[in-house]
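*Asks:* I would like to see how this sequence folds:
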Amino acid sequence: MAELHEKLAQALSQLKELSGDAKKRIFKSADFDRLNRERLIDAGYLSEVINGWLMVTKPDARPGDTVAWYSSYWEFVREYLNDRFGKNWILSPEISVSLLAENLNVPMQLVVQSPSASNRPIELPMKKSIFAYRTQLPKFTPADKNGLRIYPAAEALAAASPTLWTAAPMDALAVLGSIRSTSQLLTPLLRDANVAAAGRIAGALAKIGRQKDADDVVKTMAGAGYQVRTVDPLERPVPMQISRPALPIVTRTKLLWAGLRDQVLDEFTEPPRIVNDREAYMASVDDLYVSDAYHSLSIEGYQVTEELIERVKSGNWNPSRVKSDWEQYNALAARGYWQAFQKVREAVEEIIAGGNAAQIVEANIQTWYRELFAPSAAAGLIPAERLAGWRQHPVFLQNSSHVPVSWEALPDAMEAYFDCVREEPDPRVRAVLGHFVFTWIHPMPDGNGRLGRFIMNCMLASAGFPWTVIPVGRRDEYLKALEAASEKHDIKPLSALIFELSKLQPPAPTQNKTPDLSLGNKGAAKDRER
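*Replies:* Have a look, this model is predicted:
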C-alpha cells in the first residue's frame, strides 16, 4: 500500500501535468481526481476560490497572504467568465479603462456585462466580488487584454459613467492622452448620440491642453445636430498638461510624479545645501555601511548578522574555504550588498563633486542591480539570465493591493520614470519620489527596495543631506507609508519619515542575536520587497 508521501507525490504530479509550461494557476475542481484534489487541498497546494474552482497556493503561506490570490485573480476572471458565458461577455467600460491604463490592481467589485448574466454578485476571496450585469453586448469588436474582453479606448471613455473621472482620474487621463485622433473619440459619440459623454471628453481635453481637439469634438457634434455643453469632469486641477499623445503607462507614470511632488515639499521643509567637506561626507558614508547593510537587508526579511557583514567587509568571506557561504542565502545577499554599495559610493562621490545626480543614477542602476545578485548567480541560486535587468514576468507584493506595472510595459514606464527624475528641479522631490516611483513600477526581478533606497540616498546627497538609514524597527511604518502612496496617492507619510530620519543619529546594527525578521519564507520576503 502506498505511503502518504507517495500519494501526495502522485497528486503533485497531476498538478504539474495540468499546469503545463504555461504555469496555469486556476483549475476547475473537476480537472482533478477526487482523492488527488483532496490531498492537494489538505497539504496547502490548492485552495478554493468559489465552489467548483481552485487556485494554486503555497503550503507555507500565512493566513491572510494575498500573493496567491492577487497573482491568480485575472486568470480566474478570464477562465470563469469564458466557462460561464463563452464569448458573450465584456468587462465594464470603467474596468476596461483601468486595464488599458496598465492599472492591474484588483478592484473591490469587477463588473462584467453579458446577456446571460444574473444581476447577482459572486463573492470572492479577500472581500472582492464580480457583478454580472445582464445587458446586450455592444456592437463593436472587443479589444483583448491578456485574454480579457474589454472596451477599446475610445469606446470605453464614451460609455463610462461620470464617476470614472473622479474615482480614477489618472487612468482616464492616461487613456484619453493616448488617443491621437478626435475621429476615434467621435465615432462612438456620434453613433450613440452621447451628448453628455461628449461634454465630459471635451472638458477633459481642454483641461490637459488639447483645446483644439476639444473644440473639434463640440463642433463636429453640433454639425450632426447635437448641442454639447462642455463640462469639467475631473473636479480637481490636473498636475500636468498632456498636449502630445503618449502611451497610457507613460502618461500615468508622469501624472503620478506630478501629482505628488507638492506633497513632498510640504513635508520636507529644510532647504537643500551644498556639501563643502566632501572628504568628511564620504567618511560618514563609509562609517554607515554596516548599519545600512544590516537594516536594509533586514527590512527585506534576510537573516543577516553584524558579524557576517563585517566578515564580508573585511574580505574574509571565502566560499572556497568556507563552503557554507555558498549555501547561505543570507551570506550571498550580504556579499551582493557590499559589492553594490561600493558602486553606489562611487556615484555619491561623483554627485557631491557636482555631477548630475539624475544622469548618474540612470547610468548606474543596472550595474547596482547586477552587483546585488552576482554572488547568487555565481553560486547557482538564481539563473544567470536574471542579471539581464528589467524583469520578464509579472510580480505581486506580499500583503499589498498594489500590483506593479506589467513586464511588457516596463521599458516605457522606466523611460517615463527617468524623464521625471531628469526634469525634476528639486533634489528633495527626486529623493522621495525617486525611491517611491521606482518601487511602484518595480522594474527588477528582485532587490527593488534596496535599489530604491540607494536612489534615495544618491538624491539626498545631491541636496546636501546625509546618507539616511531606514531602521528595521520602523519597517511597518515604512511599508505602510509606501502603501499609502501607492493606494491613496498620499506621499506625505513617506516624505515625513525620510525627512525625520535624515536629521536623526543613524541607527546602530543590532549587537546581539539577530531578531527573527523573516516573513515566513524566502519567497515571501522577496515578493514583498518594495
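*Asks:* Now the nearest residue to residue 490 once chain neighbours are set aside: which helix or strand?
*Replies:* Distance criterion CB to CB, 6 or more residues apart in numbering; nearest residue to residue 490, sequence neighbours excluded, is residue 484 at 4.5 Å. (C-beta placed from N, C-alpha, C; glycine too.) When elements are assigned from DSSP states H and E, residue 484 belongs to helix 475-488.
*Asks:* What of residue 399?
*Replies:* Using DSSP H and E, residue 399 falls outside every helix and strand.
*Asks:* how close does the closest residue to residue 438 other than its chain neighbours get to residue 434?
*Replies:* Nearest non-adjacent residue to residue 438, counting by CB to CB, 6+ apart: residue 452, 4.8 Å away. According to CB to CB, to the nearest Å, residue 452 stands 8 Å off from residue 434.
*Asks:* okay, those two: which has more neighbours?
*Replies:* residue 434 (27 against 23; other CB atoms under 10 Å).
*Asks:* Tell me which residues touch the residue nearest to residue 438, please.
*Replies:* By CB atoms under 8 Å, 6 or more residues apart in numbering, residue 452 lies in contact with 434-436, 438-439, 530.
*Asks:* One more: residue 171?
*Replies:* Counting by CB under 8 Å, 6+ apart, residue 171 touches 97-98, 100-101, 103, 164, 252.
*Asks:* repeat that for 7 Å
*Replies:* Contact analysis of residue 171 by CB atoms under 7 Å, 6 or more residues apart in numbering lists 97-98, 101, 103.
*Asks:* so which of the residues you listed comes closest to residue 461?
*Replies:* Among the contacts of residue 171, residue 103 lies closest to residue 461 (CB to CB), at 33.4 Å.
*Asks:* quick one: residue 48 is in a helix?
*Replies:* No. The assignment for residue 48 by DSSP: H, G, I helix; E, B strand; the rest coil gives strand, which leaves it out of any helix.
*Asks:* So it sits against residue 57, correct?
*Replies:* No. Here residue 48 lies out of contact with residue 57, judged by CB atoms under 7 Å, at a distance of 10.0 Å.
*Asks:* Quick check on these two: which one has the bigger neighbour count.
*Replies:* Using other CB under 10 Å, the more surrounded residue of residue 48 and residue 57 is residue 57, with 21 against 13.
*Asks:* Give me the phi and psi for the more buried one.
*Replies:* phi -130, psi 170 (degrees, to the nearest 10).
*Asks:* ok, it touching residue 44?
*Replies:* Yes. Using CB under 7 Å, residue 57 is in contact with residue 44, at 6.0 Å.
*Asks:* helix/strand/coil for residue 354?
*Replies:* coil.
*Asks:* can you count the residues close to it?
*Replies:* The burial count for residue 354: 10, using other CB under 10 Å.
*Asks:* same deal with residue 61?
*Replies:* 19.
*Asks:* which residue sits closest to it in space, ignoring its chain neighbours?
*Replies:* residue 68 is the one closest to residue 61 (CB to CB, 6+ apart), at 6.2 Å.
*Asks:* Check for me that residue 122 belongs to a helix.
*Replies:* No. Using three-state DSSP, the assignment for residue 122 is strand, not a helix.
*Asks:* Helices of the stretch 1-150 of the chain, start to end?
*Replies:* 4-19, 34-43, 67-85, 93-100 (DSSP state H, counting those that start in this stretch).
*Asks:* Please consider this matter closed, and thank you.
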